[in-house]
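Colleague: 3D, please:
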Amino acid sequence: MANGISDPAVDRYMLDLLPERDPVLREMEQQAQQRNIPIVGPAVARVLYQYARLIGARTVFEMGSAIGYSTIWWARAVGDGGRVVYTDGDSKKAEKARRYFVQAGVSEKIKPVLDDVMGKLTALAG
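Modeller: Okay, here's the model as predicted:
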């Protein structure tokens with residue numbers, strides 16, 4: 001067991017059940033694996049996307065977003081007119097995320113907040 005949670009064969013089986021991801025998400029998954037960047041991964045992202053769609057979420061606040069993998073899933077889930085607040089304290093990761101948002105076609109739905117998010121959390125409306 002590579003990650004100590006489940007057998008790699010079970011992980012592969014579960015991932016094979018998921019719909020194909022677009023090139024942007026696949027590239028992000030590859031980068032995350034190569035550079036040891038924590039992302040939720042496609043299985044968890046699909047569940048989060050489904051939850052957001054089921055409840056009709058229009059706004060999502062994501063605390064600590066790294067390269068923006070889950071942010072893209074959230075942005076797609078909130079639909080037209082929806083908004084996702086992207087947060088991360090690392091400007092290099094945020095710049096990489098911004099480029100991915102543009103590639104994925106969701107940048108207009110994302111409000112980046114770079115800084116001490118805990119200190120600004122109460123100031124963010126909604």
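Colleague: residue ranges for the strands of the protein, please.
Modeller: Applying DSSP state E to the chain gives strands spanning 59-62, 83-87, 110-113.
Colleague: what sits up against the longest one?
Modeller: It refers to strand 83-87. The contact list for strand 83-87 (Cβ atoms under 8 Å, 6 or more residues apart in numbering) reads 58-65, 68, 71, 74-75, 78, 94, 97, 101, 109-114, 117, 124. The way it works is simple: take the backbone N, C-alpha and C, and place the C-beta from them, glycine included.
Colleague: mean neighbour count, the strands of the chain: which tops it?
Modeller: Highest mean neighbour count of those: strand 83-87, a mean of 23 (counted as mean count of other Cβ atoms under 10 Å).
Colleague: direction included, what does that strand pair against?
Modeller: strand 59-62 (parallel), strand 110-113 (parallel) (DSSP bridges).
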